[in-house]
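Engineer: sequence and predicted model, in that order:
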Amino acid sequence: MDYTHSVSLDRDKCKGCTNCLKRCPTEAIRISNGHAKINSLYCIDCGECIRVCQYKAKRAIFDKLSELPKDKYLIALPAPTLFGQFNQLDDADYVVQGLLDIGFNDVYEVAKAAEISTELTRRYLKKSGLNKPVISSACPVIVRLIKLRFPTLSRHLIPILPPIEIAGKYARRKALAEHPELSPEDICTVFISPCPAKVSWVKSVIEGQEIYVDRVVSISEVYMQLISKMNRANIPEAASQAGNIGISWASTGGESAALMNDRYLAADGIENVIKVLDEIETGNISDCDFVELNACSGGCVGGVMAVENPYIARVKLQSLRRFLPISRNHVPLEDGMPEDYVPEELMDAAPFTYMPTGAGTDRLTSMRILMEAKRIEDGLPHTDCGACGSPTCRAFAYDVASGSAHIDDCVVRMREKLHALLEQRKGDS
Ligand code: SF4
Ligand code: SF4
C-alpha cells in the first residue's frame, strides 16, 4: 500500500533554517543543499513542521470546497472542533443550517458518531483479556506514531473505527434510505477537518477496505464561508443530533471523560504523548484502563487547519455544551461488539498497518545498519548541532550507516580532524 502524506514542502519558500528539523518528533526531516526534505517513510503527518515554519514553506494538502463534485449528493461531516470556532454559539443548529446553506445536501455530525464510538468503547473495556491500558485509535497521528516508534504497543490500540469513518458509513446509509433514487456512487461524503493527518487517513486506505469518507476540506476554508452565510436572526430548524459527549471529543479529556470510568489518562502535544507511550512501554502505567492521546496541544481544537486558538475554542465549546443534552445517540445493547464497527481483521488492516517501517528491508539488514550506526555514533561529538542536516548525532549516525549521508558531513568532526592535522604538522616542522 502507498501511504499518501498530507504535509508537503514548498522548496522555493524553504530557507533551510532547521526549525522544523529540530521539532519533527520522528526525525523525518533532513536539510540537504540548503532545503528541508521530508522522509515519507517516517513522517506521521503531525503538522508540527507547519506550525514552526515561519516562512510558510510547509503546508497541508486537502481538498478545496470549489473542487467538490457538484453533481453528487454532498454530505458534510463536520468535526466537533468546527462548533468551537464561533463566538457565542448557543445552538449547534446554526452551524448545521449554515452547512446546508453553503451547498451541502445533508449533514452528519462526527460528534454524533463520537457518541456511538463512546458507547462501543465502554462495551469493549468490559471484555476480559485486553492489553491494558487500552489506547484510543481516534487520532491517526498517534496510530502511526505507535506503528513507527512503539510497535509493541500496537495491540493496545482499540479496534474501533474512528468517529469520522463511523460518520461516513452512517451518513451514506441514511442518504440511501431517504433517497432511493440515489446509488452509492452518487454520494460524496466530505469531512470538515481540523488537521492534515485525517487527509492522509482518508487517502491511504488499503486495498479491499471500504471507504466511507471521500473528501477532506479544511475547517478554516469552511469557516470563512459559514461566517458570511450563518444568519443568527433566523432561528434554524432543529437539525443537530449531537450531545454534550460528542462535542466534548474536540478537546483533550473529552473522549475519556465520556467513558464514566475514572481509570483513564489523557495527554496531548506530541512530546507529552511520546513520554506517555514510553511509560506504557516500560510498564510504568499499569493502574489505568484507557489512554486518550492527542497529537495536537489541546486535542483536535489544536489542529493546524482550525481557525480559533485551541484554548479559546475549548471555552467556546464549554459554553455550547451547557445547552446540550448529555448524549443523543445510543447503540442498541447486544452481546459483544457489533461486527460492522469492529471487524476481526481490523487489527491487521488500516489504520493498524501502515507503510513498513524500520531501518532496513529485512531484519538482518536492519540489525546490521543499527549496529553500524551505534559504532559511528560513539565517534561523534554528541552536540546535536544540526549542521550536518540531521536533527541529532544519533540520527546522523543512522543516515551514514544507511548510506544517505557521509561521515565528513559532520563539521565538528571535520574541524577536530583539521585541528589534529595542523597540530601534527606543527610538531613535524
Ligand atoms: S522551518 Fe523547515 S521548511 Fe521552514 S524554512 Fe526552515 S528548514 Fe525550511
Ligand atoms: S508532519 Fe510531523 S512527522 Fe511529518 S515531517 Fe512534519 S513534523 Fe515531521
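Structural biologist: Right, received. Where do you want to start? Numbering: from 1, shown residues only. Ligands and ions are numbered 1, 2, ... in the order given.

Engineer: could you list every helix and strand in contact with the one helix or strand in the chain whose mean pLDDT sits lowest?
Structural biologist: Across the helices and strands of the chain, mean pLDDT, DSSP states H and E gives its lowest value to helix 197-203, namely a mean of 78. When contacts are defined as 3 or more CB pairs under 8 Å, 6 or more residues apart in numbering; DSSP states H and E, helix 197-203 sits against helix 140-149, helix 163-178, strand 187-193, strand 215-218. For the C-beta atoms, the positions are set from N, CA and C on the backbone; glycine is no exception.

Engineer: go ahead and name everything in contact with the first one.
Structural biologist: To tie it back to what came earlier, the one meant is helix 140-149. 25-26, 42, 44-46, 135-137, 153-154, 156-157, 162, 195, 197-198, 200-201, 270, 273-274, 277, 293-295, 351-354, 357 (CB atoms under 8 Å, 6 or more residues apart in numbering).

Engineer: just the residues you listed that are near ligand 2?
Structural biologist: Pro25, Thr26, Ile44, Asp45, Cys46 (CB under 6 Å from any ligand atom).

Engineer: format these as CSV; extra columns: neighbour count.
Structural biologist: Shown next, in CSV, are those (neighbours: other CB atoms under 10 Å):
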residue, neighbour count
Pro25, 20
Thr26, 20
Ile44, 27
Asp45, 29
Cys46, 28
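
Engineer: now the two most distant members of those residues.
Structural biologist: Greatest spatial distance among those (CB to CB): Pro25 and Asp45, at 11.2 Å.

Engineer: Gly47 is in contact with Val199, correct?
Structural biologist: No - here Val199 does not reach Gly47: they are 10.5 Å apart, not a contact under CB atoms under 8 Å.

Engineer: any shared contact partners between those two?
Structural biologist: Looking at what touches both Val199 and Gly47 (by CB under 8 Å, 6+ apart), the common residues are Ala60.

Engineer: leaving out the residues flanking it, which one is nearest to Cys393?
Structural biologist: Leu380 (4.2 Å; CB to CB, 6 or more residues apart in numbering).

Engineer: give me the local confidence score for the one you found.
Structural biologist: Note on Leu380: pLDDT of 91.

Engineer: what's the separation between it and ligand 1?
Structural biologist: 22 Å (CB to the nearest ligand atom, to the nearest Å).

Engineer: doesn't Met414 make contact with that residue?
Structural biologist: No - taking contacts as CB under 8 Å, Leu380 lies outside contact range of Met414: 11.7 Å.

Engineer: got the domain boundaries for the chain?
Structural biologist: Dividing the chain into domains by automatic domain parsing, as the record does, gives the ranges 1-60, 65-348, 360-429.

Engineer: just how off-centre is the longest one within its chain?
Structural biologist: The chain centroid and the centroid of domain 65-348 are separated by 11 Å under CA atoms, centre = their mean, to the nearest Å.

Engineer: show me what residue of the stretch 201-350 of the chain gets nearest to ligand 1.
Structural biologist: Val304 (13.7 Å; CB to the nearest ligand atom).

Engineer: which residues are in contact with that residue?
Structural biologist: Gly47, Ile50, Arg51, Ala60, Pro194, Cys195, Pro196, Cys296 are the contacts of Val304 under CB under 8 Å, 6+ apart.

Engineer: just put these in JSON lines and tack on distance to Ile312.
Structural biologist: Putting the contacts of Val304 into JSON lines (distance: CB to CB, whole Å) gives the following:
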{"residue": "Gly47", "distance to Ile312": "19"}
{"residue": "Ile50", "distance to Ile312": "20"}
{"residue": "Arg51", "distance to Ile312": "17"}
{"residue": "Ala60", "distance to Ile312": "21"}
{"residue": "Pro194", "distance to Ile312": "14"}
{"residue": "Cys195", "distance to Ile312": "17"}
{"residue": "Pro196", "distance to Ile312": "21"}
{"residue": "Cys296", "distance to Ile312": "15"}
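
Engineer: which one of these sits closest to ligand 2?
Structural biologist: Closest to ligand 2, out of all of the contacts of Val304 and judged by CB to the nearest ligand atom, is Gly47, at 5.4 Å.

Engineer: now for the strand or helix carrying Arg394, which elements pack on it?
Structural biologist: Assigned by DSSP states H and E, Arg394 belongs to helix 393-401. Contact here means 3+ CB pairs under 8 Å, 6+ apart; on that basis helix 393-401 packs against helix 363-378.

Engineer: now the helix it packs on - C-alpha only, CSV.
Structural biologist: Provided in CSV are the C-alpha atoms of helix 363-378 (Å, rounded to 0.1, in the frame of the first residue of the first chain):
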residue,chain,number,x,y,z
ARG,A,363,15.6,-8.0,9.9
LEU,A,364,19.2,-8.8,9.2
THR,A,365,19.8,-5.6,7.2
SER,A,366,18.1,-3.6,9.9
MET,A,367,20.3,-5.2,12.6
ARG,A,368,23.4,-4.6,10.5
ILE,A,369,22.6,-0.9,9.9
LEU,A,370,21.7,-0.3,13.6
MET,A,371,24.9,-1.9,14.8
GLU,A,372,26.9,0.2,12.4
ALA,A,373,25.0,3.3,13.4
LYS,A,374,25.9,2.7,17.0
ARG,A,375,29.6,2.3,16.2
ILE,A,376,29.5,5.6,14.2
GLU,A,377,27.6,7.4,16.9
ASP,A,378,30.2,6.6,19.5
